[in-house]
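Trainee: Sequence plus predicted model, see below.
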Amino acid sequence: MGTVIQLKKQINNSYFDLKNSVEEKLILVEEKIKNKLTSEVDLVQKISDYHIETGGKRLRALLTLGSSKLCGYLKGGRDINLAACVELIHGATLLHDDVIDNGDIRRGKKTTNVIWGNQSSILAGDYLLSRCFEMMVEDGNLEILKLLSSTSAKIAQGEILQLQHKGEVDMLEETYLNIISSKTAVLFSAATKVGAILAERNNKEKEALEFYGKNLGLTFQIADDTLDYNSNINLFGKNTGNDFYEGKITLPIILLFQQANDSEKKQLKNIFNKNIRSENDFSDVLKLISKYKIISKCYKKAEHFINLASNSLSIFKDTGEKKILENLTSFSLERSF
């Protein structure tokens with residue numbers, strides 16, 4: 001795979017290449033989001049402004065703009081509106097997630113629920129979704145409306161599925177993939193497929209971009225879950241071990257449980273059966289993760305989805321846009337921000 005330093009250089013370049021290639025439209029996406037979240041209700045406006053200020057990579061918006069460019073969409077600003085729409089769906093899920101997870105840090109800042117409370121945070125997420133659906137109706141394309149509305153429903157189902165399996169250290173890998181497919185990959189998939197729909201490309205190309213987005217999203221979430229056991233707050237704006245302390249079962253724990261001996265399996269079950277896990281518990285789990293080289297095993301799993309994502313673009317002509325999207329698959333695995 002090469003050294004970490006080489007990978008990070010490549011990854012950062014691929015992300016910025018995409019961002020630079022659609023920079024003017026991305027600025028308009030930001031303006032669209034800001035204008036759409038204007039409210040006469042003071043608290044709604046405060047929360048919306050705070051949410052916008054916390055920023056983010058805008059990766060899902062970039063995927064919509066990038067896939068639209070790949071497919072030759074040149075008919076106006078619909079890609080801008082729908083990129084904003086995708087980001088609003090993502091923003092709503094983050095607001096809801098932080099309430100469900102009792103999160104206190106998001107992108108290096110206090111979460112909305114910490115500042116204004118759970119009730120306001122949930123309603124603010126609903127507000128973002130409502131504005132998103134307004135934009136979908138304004139676009140007027142029934143295929144896009146169906147795609148993004150079903151995507152929102154799948155995300156909610158993924159959240160519930162994860163709650164259902166909370167603390168289940170013997171969770172099947174298949175169940176985990178179903179969870180992250182619904183929670184994360186489905187929105188990546190929708191973001192990329194939108195570009196093909198806008199450009200009125202054939203079903204084969206729509207499906208190719210849908211498949212690309214899905215596997216990119218799976219890679220992204222596996223990397224994110226792995227980083228929870230191999231990261232620090234300075235890089236990602238979040239605390240290491242968040243998933244652990246919340247009792248979420250992710251790929252590192254699933255693979256660890258598969259490798260562990262009977263005594264270690266019992267230890268893991270005891271740890272995740274607790275209502276509150278300690279720093280010592282986290283330290284014990286990190287030692288086991290190191291013992292069985294779980295981090296590298298997680299990345300190996302993710303490489304499979306990288307290959308699937310990259311290969312799905314083979315039906316498109318070789319262009320600069322295609323190369324950027326191909327390179328982006330590595331960013332999702334080894335990103336450094």
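Mentor: Alright, I've got the coordinates. Numbering: from 1, shown residues only.
Trainee: can you give me the strands in the chain?
Mentor: 105-106, 109-110 (DSSP state E).
Trainee: out of those strands, which comes closest to Ile294?
Mentor: Ile294 lies closest to strand 105-106 among the strands of the chain, at 24.3 Å (CB to CB). Every residue, glycine included, has its C-beta placed from N, CA and C.
Trainee: Now the weakest link among the strands of the chain, please, by mean pLDDT.
Mentor: Lowest mean pLDDT within these: strand 105-106, a mean of 82.
Trainee: For this structure, which residues score under the pLDDT cut-off?
Mentor: 1-12, 231-239, 335-337 (pLDDT under 70).
Trainee: still on that earlier bit, the strands of the chain: which one's closest to Ile324?
Mentor: Short answer: strand 105-106, nearest of those by CB to CB, at 27.6 Å.
Trainee: Paired strands for that closest one, with orientation please.
Mentor: strand 109-110 (antiparallel) (DSSP bridges).
Trainee: Make TSV out of the strands of the chain and add distance to Ile315 and mean neighbour count.
Mentor: Shown next, in TSV, are the strands of the chain (distance: least, CB to CB, whole Å; neighbours: other CB atoms under 10 Å):
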stretch	distance to Ile315	mean neighbour count
strand 105-106	37	18
strand 109-110	41	14
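Trainee: Lys69: which of the ones you listed is closest?
Mentor: strand 105-106 (29.6 Å).
Trainee: could I get the strands of the chain as a markdown table with distance to Lys248?
Mentor: Putting those into a markdown table (distance: least, CB to CB, whole Å) gives the following:
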| stretch | distance to Lys248 |
| --- | --- |
| strand 105-106 | 16 |
| strand 109-110 | 21 |
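Trainee: Relative to Leu43, which of the ones you listed is closest?
Mentor: So among those, strand 109-110 is nearest, using CB to CB, at 16.1 Å.
Trainee: tell me the contacts of Thr250?
Mentor: By CB atoms under 8 Å, 6 or more residues apart in numbering, Thr250 lies in contact with 176, 225-226, 228, 243.
Trainee: Return the closest of these with respect to His90.
Mentor: His90 has its nearest neighbour among those in Asp225, at 17.3 Å by CB to CB.
Trainee: Would you confirm that Leu129 contacts Ser152?
Mentor: Yes: the pair Leu129 and Ser152 qualifies as a contact (CB atoms under 8 Å) at a distance of 6.6 Å.
Trainee: Return every residue with contacts to both of the two.
Mentor: Common neighbours of Leu129 and Ser152 (CB under 8 Å, 6+ apart) are Ile89.
Trainee: Excluding chain neighbours, what is closest to Glu321?
Mentor: Leu70 (4.2 Å; CB to CB, 6 or more residues apart in numbering).
Trainee: Gln162 now?
Mentor: In space, Gln162 is closest to Ile179, 4.9 Å off (CB to CB, 6+ apart).
Trainee: So that neighbour is in contact with Gln164, correct?
Mentor: No: using CB under 8 Å, Ile179 is not in contact with Gln164; the gap is 9.2 Å.
Trainee: ok, now which ones touch Val44?
Mentor: Counting by CB under 8 Å, 6+ apart, Val44 makes contact with 124, 127.
Trainee: now it: how far from Leu333?
Mentor: Noted for Val44: a distance of 37 Å to Leu333, by CB to CB, to the nearest Å.
Trainee: Then Lys146?
Mentor: Counting by CB to CB, the gap from Lys146 to Leu333 is 31 Å.
Trainee: Ok, Leu26 next?
Mentor: Counting by CB to CB, the gap from Leu26 to Leu333 is 23 Å.
Trainee: do Gly91 as well
Mentor: Between Gly91 and Leu333 the computed distance is 24 Å (CB to CB).
Trainee: the more surrounded of the two?
Mentor: Gly91 (25 against 21; other CB atoms under 10 Å).
Trainee: Pick out the residue nearest the middle of the protein.
Mentor: Central residue of the chain (CA atoms, centre = their mean): Thr184, 4.7 Å from the mean position.
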